[in-house]
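Participant: After the sequence you'll find the predicted model.
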Amino acid sequence: MSSHLLSISRRLRKTHFTNKVIQSGVKAFTVYNHMLLPTIFESVEEDYHHLKKEVQVWDVSCERQVEIKGPDAKQLVQKIIPRDISLLTQSKCLYTPLVNSKGGMINDPVIIKLAEDRYWISIADSDALLWIDGIATGLKLNVTIFEPDVSPLAIQGPKSKELLRRVFGADIEKLKFFEVGIFYFNGLPLITARSGFSKQSGYEIYVSGPDIADKLWDSLFEAGKDLNVRAGCPNLIERTEAGLLSYGNDMDLSNTPFECGLGKFLPKLIPNNCIGAQKLNCETTRSPNKTIKSLSIDCYEKVYCDGIWELFDSTNKNSGQVTSAAYSPDFQKVVALGMVSSNTLKLGQNLYTVIHGKRYQVQVEDQPFI
Ligand code: THG
């Protein structure tokens, strides 16, 4: 992972936790939704081992919220998601594609329903607000759409439940995966969900405004001293093992949810009100000619995919691309995600890829590495 310095300006936003993140020894940032997102503290490998064993506090403020509020809010949300909006209750989060009329992936957010007429769309890295606002304008819907000053703070790792029990009290133990609740910190209500961009179990606290950011951060570190709590961030190795998709890396506007393997989250019949319904209900869209798969690469070097790694079959025919890859210390090989041609998958062909001029065997896995 080559790194250079980033110039900070008003255009590249800091977060309410950036000072704490710097004090905690962050070594690298990336840019996500025009905002700083830490990527390395000790090293990607060290951070990985720690995440899988202990508990980390992540500044994921860059998972910006698009708030949709008003009498037509529900109608607008159903326009842009292919999942059934009736699945969205006030006590649950919903992971869903946002799609355009061609069935293309605009984003893959987590949605929270705050009230019958008020939603937070917790977006991945694309300017979804502009597009949502355009839809609302075009359809003359009675809604306001804006980015509230809300900063998700993720608590991830096997000891996350114990840490939050100490800070929020025993009620947190009742929260199940993808449930949302309100928990109190210094008498202030905080919307908290059992969710996050890792498979190590964890929570996300939606922190409003700047006022309690420092205090909450410090309380978590104070309470978690003996749990070996550290500042962390979404980890490339862990999320690639887990098969968690990264918008812009693994997929973009040119892909449909079916190509991304997200068909499993969609209903047999996409709701008619979704603007992508016609395209997404087509048999050809539902059986795509390429799909994202977990891959094993017989490579034992610390490589990261920051360019184009083509996949080839045994006849040297192009069979797709690797989209994310990292050497996994636990699996002792490079684990990856890649877009693989359905023909190749059907034939069960041997694949190879070329990394820095060298050829490596690739195996397609049936499921993520867990
Ligand atoms: N949390 C919140 N907002 C986010 C992310 C997050 N916005 C940006 C980005 N991450 C969106 N992408 C994802 C991708 C996967 C998941 C969540 C957000 C995820 N998927 C689980 C899975 O695929 O196994 C669970 C899905 C389910 O069972 O419904 O958690 O991390 N707030």
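Facilitator: Cool, got the structure.

Participant: Now for Leu87: which residues touch it?
Facilitator: Listed by C-beta atoms under 8 Å, 6 or more residues apart in numbering, the contact set of Leu87 reads Leu94. Every residue, glycine included, has its C-beta placed from N, CA and C.

Participant: how near is it to Gln367?
Facilitator: As defined by C-beta to C-beta, to the nearest Å, Leu87 lies at a distance of 24 Å from Gln367.

Participant: Get me the contact residues on the stretch 101-250 of the chain for the ligand.
Facilitator: Neighbours of the ligand within the stretch 101-250 of the chain, by C-beta under 6 Å from any ligand atom: 108-110, 122-124, 152, 178, 195-197, 204, 244-245.

Participant: And those residues, which of them are buried?
Facilitator: Buried members of these, scored by 16 or more other C-beta atoms under 10 Å, are 108-110, 122-124, 152, 195-197, 204, 244-245.

Participant: Longest strand in the protein, please.
Facilitator: As assigned by DSSP state E, the longest strand anywhere in the chain is strand 318-328.

Participant: State the separation between it and the centre of the chain it belongs to.
Facilitator: Here strand 318-328 shows a centroid-to-chain-centroid distance of 18 Å under the convention C-alpha atoms, centre = their mean, to the nearest Å.

Participant: Parallel or antiparallel, which strands does it pair with?
Facilitator: strand 309-313 (antiparallel), strand 333-341 (antiparallel) (DSSP bridges).

Participant: Next, the buried residues of that strand.
Facilitator: 319-320, 322-328.

Participant: Check stretch 67-76 too.
Facilitator: Applying 16+ other C-beta under 10 Å to stretch 67-76 flags 67-70, 72-76 as buried.

Participant: what's the answer for stretch 358-370, then?
Facilitator: In stretch 358-370, counting by 16+ other C-beta under 10 Å, buried: 360, 362, 364, 368-369.

Participant: For the helix or strand hosting Ile182, which strands pair with it and how are they oriented?
Facilitator: Taking DSSP states H and E as the criterion, Ile182 maps to strand 180-185. Sheet pairing of strand 180-185 (DSSP bridges) gives strand 188-193 (antiparallel).

Participant: tell me the mean pLDDT over whichever helix or strand comes after the strand it pairs with?
Facilitator: Beyond strand 188-193 on the C-terminal side, the first helix or strand identified by DSSP H and E is strand 202-208. Confidence for strand 202-208, expressed as mean pLDDT, is 98.

Participant: Name the surrounding residues that touch whichever helix or strand comes after strand 202-208.
Facilitator: Moving toward the C-terminus from strand 202-208, the first helix or strand encountered (DSSP H and E) is helix 213-223. Here helix 213-223 makes contact (C-beta under 8 Å, 6+ apart) with 16-17, 19-20, 57, 151, 153, 155, 163, 166-167, 185-186, 190, 205, 207, 229.

Participant: Quickly note the distance from His314 to the ligand.
Facilitator: For the record, residue 314 is Ser, not His. Noted for Ser314: a distance of 32 Å to the ligand, by C-beta to the nearest ligand atom, to the nearest Å.

Participant: Contact partners for the closest residue to Asp59 other than its chain neighbours?
Facilitator: Counting by C-beta to C-beta, 6 or more residues apart in numbering, Phe17 is the residue found nearest to Asp59 once chain neighbours are left out, at 3.9 Å. Contact analysis of Phe17 by C-beta under 8 Å, 6+ apart lists 59, 61, 151, 153, 213, 217.
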